[in-house]
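*Asks:* Quick one, fold the following:
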Amino acid sequence: MKPLFLFRLILDMLAIGLLLAGFAYDWFGNRPHEIIGTLMFGLLISHNLFNRRWYGMVAKGWREPRRVFSKTITLCLLLMMVGLLATSVIISQTVFDFLSLRSTFTVRQVHTLLAYLVLLIAALHVGLQWSMIMRAVGQALHVKTGTRVQTMALRGLACLIAVYGVHSLFVLDIGLKLRMETTFRFWDFEAAAIEFILRHTAIIVLCAMIAHYSLKLLSLHKRDRRSPGTTE
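*Replies:* Numbers count the residues shown, from 1 in each chain. Here you go, the predicted model:
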């Protein structure tokens, strides 16, 4: 594996880690939350710089279902990120407090909504590159994969994590947050901080699997369309 690619992968994993840390607002408090968010956006800027060629190709390939699926997810993520950054600046009480922008309860609700949309769509975005990421991680850890038993075991583990992710959607009230409904249930970080991280990670795996296998289905559909018909 090329050192630059490994470096980029580490930066992306750090960005995801910071995104997860950002959801622990009640644990860290406002100042650390804003610093975490600022660092995350710094890493996302570097991610876009490394992948700047994508912007030159975004207008091409819209007739191919796989590319439509992939680019739609990426563009939605970009849009949500811009909205998240904008609301972050508006409601800031520490990092961007010098701007003296007016914040409202609605803006804070929108900020929370965008944060969870970013979590879900970013996980879909990860799923678009899931095979490549797994190969890279395997090479970095010097883990040889490819046997049928290993493949089935990993898929089984991924399915179990995905089921846990579905359950976590309800436990974490993701549906209420996406509808911008107020909830007065707060997570007990002193008793279950690790569970909080595991549940959010499981949601990421769930969405990544959805994107990954959706691409596979689109590939099969494309292959079937290209296959010559048979006559009797």
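
*Asks:* now the lowest-mean-pLDDT helix or strand in the chain, how far from the centre of its chain.
*Replies:* Within the chain, judged by mean pLDDT, DSSP states H and E, the helix or strand with the poorest mean is helix 130-140; its value is a mean of 75. Distance of helix 130-140 from the chain centroid (C-alpha atoms, centre = their mean, to the nearest Å) equals 17 Å.

*Asks:* what does stretch 90-108 give?
*Replies:* Counting by C-alpha atoms, centre = their mean, stretch 90-108 is centred 25 Å from the centre of its parent chain.

*Asks:* With stretch 84-100 instead?
*Replies:* That offset, for stretch 84-100, works out to 23 Å (C-alpha atoms, centre = their mean).

*Asks:* Report the buried residues of it.
*Replies:* For stretch 84-100, the neighbour count (16 or more other C-beta atoms under 10 Å) marks 84-85, 87-88, 90-92 as buried. Where you see a C-beta, it was placed from the backbone N, CA and C, and this is true even at glycine.

*Asks:* before we move on, back to that, alpha carbons of the least confident helix or strand of the chain, as CSV, please.
*Replies:* Only the C-alpha atoms of helix 130-140 are listed here, as CSV (Å, rounded to 0.1, in the frame of the first residue of the first chain):
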residue,chain,number,x,y,z
TRP,A,130,-16.0,-0.5,1.3
SER,A,131,-14.1,-3.1,-0.7
MET,A,132,-11.1,-0.9,-1.3
ILE,A,133,-11.0,0.1,2.4
MET,A,134,-11.1,-3.5,3.6
ARG,A,135,-8.3,-4.4,1.2
ALA,A,136,-6.2,-1.5,2.5
VAL,A,137,-6.9,-2.4,6.1
GLY,A,138,-6.0,-6.0,5.4
GLN,A,139,-2.7,-5.0,3.8
ALA,A,140,-1.9,-2.6,6.6
